[in-house]
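S.K.: fold the stuff below for me.
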Amino acid sequence: MRTLKKVVTVVAALALTVGMTVNCFAADTWGSYFGMEEGAGHGLWYEGSDGTLKSQTADSWTADIKAIGWGGVWGGQVFQDSKKYGSVSVKKGQEYHIKFTLKSSKVDKWAFIKIAKGDDNIAYGKWVRMKKGQAVTVDEDFKAATDANTIYFGIGGEYGDRASTDGTKHYSYAEGGAEGIAAQPDADGDSVASTVITCTGYSLTEKADDSAASANPGASSSVTTNTNNGGAATTTTTVTTGDFDPYIFAGIAVLAAAAVVIFSRKRETE
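M.R.: Numbers count the residues shown, from 1 in each chain. Got it, this is the predicted structure:
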């Protein structure tokens, strides 16, 4: 009887420990950088945004920005990288589908989305113009120009004037280049403007190889509407995100519940 109690106690303790560990890990789906708030590792950058990442899930995040700054989109960043946050694995030449909705609560705002490996090897880049209070949804296919392992949402104050310091590669994705961005500056040029930027419904999926799908009909897949080719449906498979929390938590709950039931029944028989 004492041995059984010890076993039950150990099992319950392990379940609690694993649950706490998974919960801590799940909190780090997205990373962030805001120049005015950073010290360790980056140094305080007064041109950057003054903000914080207020909340996040695997497919969404909310950034509360007190001042957008004047250092360009990279003055504020929300990101995933394969080393610490989330998991992005994109292969050169492969076709993918990306989807997300962005919204800026108080000001007109630019965002630049970059899927890349390092600073210059960009697999996908896109500028998104958010009008104050209006949601903008990106829902499109792309072919990866290079291998990539990160995704960055650049949301710092942008005025189209950072070519001399940040280079022109990201401006090449804008209609009209840097001049096109400068023609519609963030918050009408007010670098101390505040706003809340939200991203919801984020997904990055890999289009399935039809021949592979035929050979393995049991493979996981989903059907996504492609808005760039007349609404034709395309078959996609989800890019690995490492988000198995629902399954892990369910297993922990079952394990803990079983331990409690066994312990309770044994006490009733004593």
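S.K.: going by C-alpha atoms from here, please, whenever you check contacts or count neighbours.
M.R.: OK.
S.K.: and the nearest residue to residue 143 once chain neighbours are set aside, what's its pLDDT?
M.R.: Distances taken as CA to CA, 6 or more residues apart in numbering place residue 95 nearest to residue 143, at 4.3 Å, with adjacent residues excluded. Per-residue confidence (pLDDT) for residue 95: 98.
S.K.: surely residue 95 meets residue 141?
M.R.: Yes. Proximity of residue 95 to residue 141 meets the contact threshold set by CA atoms under 8 Å, at 6.9 Å.
S.K.: and residue 96, how far from residue 60?
M.R.: Counting by CA to CA, to the nearest Å, the gap from residue 96 to residue 60 is 19 Å.
S.K.: so the two - more neighbours on which side?
M.R.: Legend: neighbour count by other CA atoms under 10 Å for residue 96 and residue 60, higher for residue 96 (22 against 18).
S.K.: can you tell me the closest non-neighbouring residue to the more buried one?
M.R.: residue 206 (4.4 Å).
S.K.: bridging residues for the one you found?
M.R.: Per DSSP bridges, the residues bridged to residue 206 are residue 96, residue 237.
S.K.: just the C-alphas of stretch 157-171, formatted as PDB.
M.R.: Presented in PDB, the C-alpha positions along stretch 157-171 are these (Å, rounded to 0.1, in the frame of the first residue of the first chain):
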ATOM      1  CA  GLY A 157       7.900  54.200 -37.400                       C
ATOM      2  CA  GLU A 158       8.600  54.300 -41.200                       C
ATOM      3  CA  TYR A 159       9.000  57.300 -43.400                       C
ATOM      4  CA  GLY A 160      10.800  55.900 -46.400                       C
ATOM      5  CA  ASP A 161      14.100  57.600 -45.400                       C
ATOM      6  CA  ARG A 162      16.300  54.700 -44.200                       C
ATOM      7  CA  ALA A 163      18.000  53.700 -47.400                       C
ATOM      8  CA  SER A 164      21.300  55.100 -46.300                       C
ATOM      9  CA  THR A 165      21.300  53.100 -43.100                       C
ATOM     10  CA  ASP A 166      19.100  50.100 -43.700                       C
ATOM     11  CA  GLY A 167      19.800  49.600 -47.400                       C
ATOM     12  CA  THR A 168      17.300  49.400 -50.200                       C
ATOM     13  CA  LYS A 169      16.500  45.700 -50.400                       C
ATOM     14  CA  HIS A 170      13.300  45.900 -48.300                       C
ATOM     15  CA  TYR A 171      12.300  49.100 -50.200                       C
END
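S.K.: shift numbering so it begins at 523
M.R.: In the new count, where the first residue is 523, that last one comes out as stretch 679-693.
S.K.: buried ones in that stretch?
M.R.: Buried residues in stretch 679-693, counting neighbours by 16 or more other CA atoms under 10 Å, are found at 679, 680, 681, 682, 683, 684, 691, 692, 693.
S.K.: touching it from outside, list them.
M.R.: Here stretch 679-693 makes contact (CA atoms under 8 Å, 6 or more residues apart in numbering) with 570-571, 590-595, 597-598, 631-632, 634, 642, 647, 699-708, 711, 713.
S.K.: those in helices, which ones?
M.R.: Using DSSP state H, the members of these that fall in helices are 699, 700, 701, 702, 703, 704.
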